[in-house]
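1. what follows is a predicted protein model with its sequence.
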Amino acid sequence: MGTPMNTTPRPKEMGRRSFFAGLLGVGAAGVGLLLSIPVLRYALFPLTTRMRQRSWSALGPVNQYTSPATAPVRKTVTFSQQDGWRQLVSAQSVYVTHSNEGKVEVLSAICPHLGCTVSWQPGHDRFVCPCHGSEFDADGKRIAGPSPRNMDKLPVRVDNGQLEVEFEYFRPNVPNQELMS
Ligand code: FES
């Protein structure tokens, strides 16, 4: 009868095995971390991206609006919004008008009260909201009604003689013009 073989690893061999096992564990964790980056970026994308990229809409040559005697001119602008993974294209009405100093300005036609569309009434020389009767002068300043603020002014720029506007949404029924995200 032979002597049974001793299969217990010797201490030196055990040290080498656990070293390689540790190395494998660290490598696997590193690969897992690298693989998780795109997944995390995909999952967090809607949280880390602005709802809407800046988008300028053309309103035509600026010199057609430069006479302060011109009544507010209604225009429709189209713009795109990023909503999570979706790209939305919307259209809204704006009015090109003048400040009291004669500067060209663009007003949102969305009533700051509860969001109906105001329209310019040439006979009365004012903007009127059909929903609850808010009224504004040609400069967008509130004259009457429940609107808590003036009409909202939009960012404008002139590029190569062309007037452009960036449409934005503002919080309704609050006293100050607060941008919605
Ligand atoms: S929504 Fe315009 S006055 Fe109420």
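-> Thanks, I have the structure now.

2. list, one by one, the residues from the chain near the ligand.
-> Neighbours of the ligand within the chain, by CB under 6 Å from any ligand atom: 111, 113-116, 129, 131-132, 134, 145-147. No exception for glycine: its C-beta is placed from N, CA and C like everyone else's.

3. just the buried residues out of the residues you listed, in PyMOL syntax.
-> In PyMOL syntax, the buried subset of the residues of the chain next to the ligand is picked out as below (16 or more other CB atoms under 10 Å):
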select buried, resi 111+113+129+134+145+147
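
4. mind telling me the two of the residues of the chain next to the ligand farthest from one another?
-> Across the residues of the chain next to the ligand, the longest distance by CB to CB is 13.9 Å; it joins G115 and G145.

5. so F170 sits right up against S108, yeah?
-> Yes. Applying CB atoms under 8 Å, one finds F170 in contact with S108, separated by 7.2 Å.

6. which neighbours do these two share?
-> Shared contacts of F170 and S108 (CB atoms under 8 Å, 6 or more residues apart in numbering): D152.

7. neighbour count winner among the two?
-> Per other CB atoms under 10 Å, whichever of F170 and S108 has more neighbours is S108, with 24 against 19.

8. count the residues that sit near I143.
-> Residues within reach of I143, counting by other CB under 10 Å, total 14.

9. and it, what element?
-> Secondary structure from DSSP states H and E places I143 in strand 142-144.

10. can you list contacts of that strand?
-> Contacts to strand 142-144, defined as CB under 8 Å, 6+ apart, come from residues 126, 133-137, 149-151.

11. for ChimeraX, what selects the buried ones among these?
-> To isolate the buried members of the contacts of strand 142-144 in ChimeraX, using 16+ other CB under 10 Å:
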select :126,134,135,136,137,149,150,151
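
12. check what pLDDT Y65 gets.
-> With respect to pLDDT, Y65 has a value of 91.

13. test my guess that it contacts V104.
-> Yes. With contacts counted by CB under 8 Å, Y65 reaches V104, the gap being 5.1 Å.

14. can you list residues touching both of the two?
-> 96, 98, 163.

15. wouldn't T97 be in contact with R74 here?
-> No. Using CB under 8 Å, T97 makes no contact with R74, being 10.0 Å away.

16. who has more neighbours, these two?
-> Between T97 and R74, counted using other CB under 10 Å, T97 has the larger neighbour count: 24 against 13.

17. which residue is the nearest non-sequential neighbour of the more buried one?
-> Leaving out its chain neighbours, the residue that sits closest to T97 by CB to CB, 6 or more residues apart in numbering is P72, at 4.1 Å.

18. state the number of residues packed around that neighbour.
-> Neighbours around P72, by other CB under 10 Å: 27.

19. mind listing what it touches?
-> 95-97, 107, 120, 127, 138.

20. closest one to G60 out of the shared contacts of Y65 and V104, please.
-> Minimum distance to G60 across the shared contacts of Y65 and V104 is 6.5 Å, recorded for L163 (CB to CB).
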